[in-house]
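Novice: Test case, fold it:
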Amino acid sequence: MDPHLLRTFIAVARCGSFSEAARELGYTQSAVSQHIAALEGDLGAVLLQRRPVSPTGVGVRLLEHAGPLLLRLDAARADIARLTAAPAARIVIGVSPLALTPQLTRTLADIRRTQPLWEVTVRVLSREVIARQVATAALDIGLVDGVAAPNDPLHLPDVGPLTATAVTEQRPAVALPAQHPLAGGTGLRLVDLADARWIDAPDTAIPLPQLRTASGTDGFRPSLRYEGTDVRGLLALTAAGHGLALLPQSAIEGIPGTKAVPVSAPRLVHRTEALHSNAADGPPALLAAALRRAAG
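Specialist: Sure, this is the predicted structure:
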């Protein structure tokens with residue numbers, strides 16, 4: 001399958017229009033029609049209904065494959081570029097909101113004292129975006145966080161051959177309003193909180209689907225959705241009684257109006273992992289090595 005044809009197919013399916021897809025891609029509408037016809041001819045199947053424009057059953061199945069296929073192609077191109085390009089004195093680091101830890105900032109400061117000419121950019125992004133952008137070289141290195149059983153790796157999207165290194169581990173805790181009846185406890189079982197009010201903050205707190213998986217229940221229904229990356233903003237909502245959130249204990253402690261009560265069951269750790277390409281060289285490789293040493 002020609003990847004250019006796949007990209008056109010994805011655009012048409014997303015836009016629901018040949019003309020809108022043509023404008024987005026910078027093609028003529030007839031070129032878009034030719035791309036779709038060529039792809040359908042290659043696969044021997046009708047992929048799109050024309051009026052209205054929508055994927056057929058076969059088209060829906062192809063969409064499930066097309067995104068990951070194109071991502072892996074982009075990741076392969078990025079890996080080759082890393083191996084053939086001269087290392088630059090710049091580094092772009094992507095961090096999820098809870099991964100911007102004191103350990104990272106200290107390690108980066110230590111390296112910059114020995115490499116004062118480095119140009120460093122730090123971007124706060126969602127976990128899934130970081131993995132994709134490291135694979136495609138939009139980021140040189142990424143730091144992502146999540147919860148897992150003590151000896152399990154984080155569950156990250158399959159975006160290509162990346163190396164993951166554990167950087168920090170700590171106990172996850174439930175963020176409660178300071179006056180909450182459970183705020184004085186020493187430990188909480190997640191399953192006992194399945195029917196509580198929760199804040200859905202997928203880019204900041206631990207996502208609610210992970211809590212359902214960890215507790216083996218279908219609870220944890222959101223009372224409010226928080227679309228942001230400001231941890232203090234999320235905890236201000238918790239303090240005001242809008243709902244609970246699961247975060248690393250250190251992120252909650254010391255925030256006015258909130259209390260951190262550790263999770264006693266199931267056994268979980270909140271881990272931060274560094275992601276980088278196996279072909280990383282120059283500043284990304286130096287930072288990855290320094291993070292491994294700091295993790296001990």
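
Novice: need the helices for the stretch 151-296 of the chain, in chain order.
Specialist: With DSSP state H, counting those that start in this stretch as the criterion, the stretch 151-296 of the chain has helices at 208-215, 231-239, 249-252, 283-295.

Novice: Would you tell me which of those helices gets closest to residue 187?
Specialist: Nearest to residue 187 among those is helix 249-252; the distance by Cβ to Cβ comes to 11.4 Å. Where C-beta positions appear, they are placed from N, C-alpha and C, glycine not excepted.

Novice: quick revisit: save the helices of the stretch 151-296 of the chain as a markdown table, and put in mean pLDDT too.
Specialist: Formatted as a markdown table, the helices of the stretch 151-296 of the chain follow (pLDDT from 0 to 100):
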| stretch | mean pLDDT |
| --- | --- |
| helix 208-215 | 92 |
| helix 231-239 | 96 |
| helix 249-252 | 93 |
| helix 283-295 | 80 |
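
Novice: Dump those into a markdown table; add mean neighbour count and distance to residue 263 as well.
Specialist: Below are the helices of the stretch 151-296 of the chain laid out as a markdown table (neighbours: other Cβ atoms under 10 Å; distance: least, Cβ to Cβ, whole Å):
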| stretch | mean neighbour count | distance to residue 263 |
| --- | --- | --- |
| helix 208-215 | 18 | 9 |
| helix 231-239 | 19 | 16 |
| helix 249-252 | 20 | 9 |
| helix 283-295 | 18 | 22 |
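
Novice: Residue 178 is nearest to which of the ones you listed?
Specialist: Closest among these, using Cβ to Cβ: helix 231-239, at 6.9 Å.

Novice: ok, back up a step: which one of the helices of the stretch 151-296 of the chain lies closest to residue 200?
Specialist: Per Cβ to Cβ, nearest to residue 200 of the helices of the stretch 151-296 of the chain: helix 208-215, 5.5 Å.

Novice: which stretches of the chain aren't confidently modelled?
Specialist: 81-88, 279-280, 296 (pLDDT under 70).

Novice: Which parts of it are strands?
Specialist: For the chain, applying DSSP state E gives strands covering 48-49, 54-55, 90-95, 119-124, 141-148, 162-170, 172-177, 188-189, 198-200, 222-225, 245-248, 258-265, 269-277.

Novice: Pick the most buried one from these.
Specialist: strand 245-248 (a mean of 27; mean count of other Cβ atoms under 10 Å).

Novice: can you list the residues that contact that strand?
Specialist: 98, 145, 147, 170-175, 190, 198-199, 201, 204-206, 211, 231, 234-235, 238, 260, 263, 270 (Cβ atoms under 8 Å, 6 or more residues apart in numbering).
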